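Visitor: The amino acid sequence is not available; the structure is as follows:
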């Protein structure tokens, strides 16, 4: 309980230090992605999350592909289930910790 009280005090101190004025910043200028191709990856909780962007220097990318970590992790399923029972597939998928909606993209 004392940790929750301390957390509440810290939050109140932080809120008191927020300056007055508009909260949302204004973005006056549209930015466009740079011309060409780019691949950027970040470390996500389930693995590497990658974005591939192709731009023709307009305000929106020409092509955008997302490479989710569950898609890559699912590729190991084939070797993991060989020689096992069909009932084991559910447990093996659970150990991979994949999100099938993410793979379906």
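Guide: Thanks, I have it. A quick note: this is a predicted structure, and the numbers were derived from the prediction, not measured. Numbers count the residues shown, from 1 in each chain.
Visitor: where does this protein dip in pLDDT?
Guide: 25, 27-31, 105 (pLDDT under 70).
Visitor: Kindly list the longest helix within it.
Guide: With residue count as the measure and DSSP state H as the assignment, the chain has helix 2-16 as its longest helix.
Visitor: what's the spacing between it and its chain's center?
Guide: Between the centre of helix 2-16 and the centre of its host chain there is 29 Å, according to C-alpha atoms, centre = their mean, to the nearest Å.
Visitor: And stretch 66-73, by the same measure?
Guide: Offset of stretch 66-73 from its chain centre (C-alpha atoms, centre = their mean): 10 Å.
Visitor: quick one: contacts of that stretch?
Guide: The set of residues external to stretch 66-73 that reach it, using C-beta atoms under 8 Å, 6 or more residues apart in numbering, is 41, 44, 46-52, 96-100, 102-103, 105. For every residue, glycine as well, the C-beta is placed using N, CA and C.
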